[in-house]
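Engineer: sequence plus the predicted model coming up.
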Amino acid sequence: MVVSYVTDALGDLLYGLVRVTQGDDIRFSWNGEPTEYRWVFTHEDGAVRLRILRFRDGLRPEPDDAGHAVFTLLSEVRPLVRAVVRSVRRLLFEMGEEEYARQWRDHAFPLRELNVLESWLKSPR
């Protein structure tokens, strides 16, 4: 999956996960110029289902069923959030906020959302 810097991909992912931890179903898209990768999170019986759908032309809105599933996952929320937080924390350590902003064309590192997710992980179930 190739994602363009024109969207705040990591920020969208972390913000989406914050919403998932609040019990919301959420969707957002990453721009692959011209491909769209649509992330769809839905809650199911105490777990969350993630589907990443690929669409050839991100400029033409299409319904979910017109997309090609490139990834699917059914997971409890906490282990999913924990895995993403660990990876993002490692990215921040290796890259730093300034280099991240340079490579993602001035999209700031989503530190606020990362901190919210880390706090949620520390909270009692």
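Structural biologist: Here it is on my side, so go on.

Engineer: contacts only, for the closest residue to Gly46 other than its chain neighbours.
Structural biologist: Nearest non-adjacent residue to Gly46, counting by C-beta to C-beta, 6 or more residues apart in numbering: Glu76, 7.1 Å away. To be clear about C-beta, it is placed using only N, CA and C from the backbone, and glycine gets the same treatment. By C-beta atoms under 8 Å, 6 or more residues apart in numbering, the residues touching Glu76 are Gly46, Ala47, Val48.

Engineer: ranges for the strands of this protein?
Structural biologist: Assigned by DSSP state E, the strands in the chain fall at 26-31, 36-44, 47-55, 68-75.

Engineer: who does the helix or strand bottoming out on mean pLDDT in the chain pair up with?
Structural biologist: The helix or strand of the chain with the poorest confidence is strand 26-31; it has a mean of 94 (mean pLDDT, DSSP states H and E). Strand 26-31 pairs in its sheet with strand 36-44 (antiparallel), by DSSP bridges.

Engineer: now do the strand it pairs with: distance to the chain's middle.
Structural biologist: How far strand 36-44 lies from its chain's middle: 9 Å, per C-alpha atoms, centre = their mean, to the nearest Å.

Engineer: quick one: mean pLDDT over it.
Structural biologist: Computed over strand 36-44, the mean pLDDT rounds to 96.
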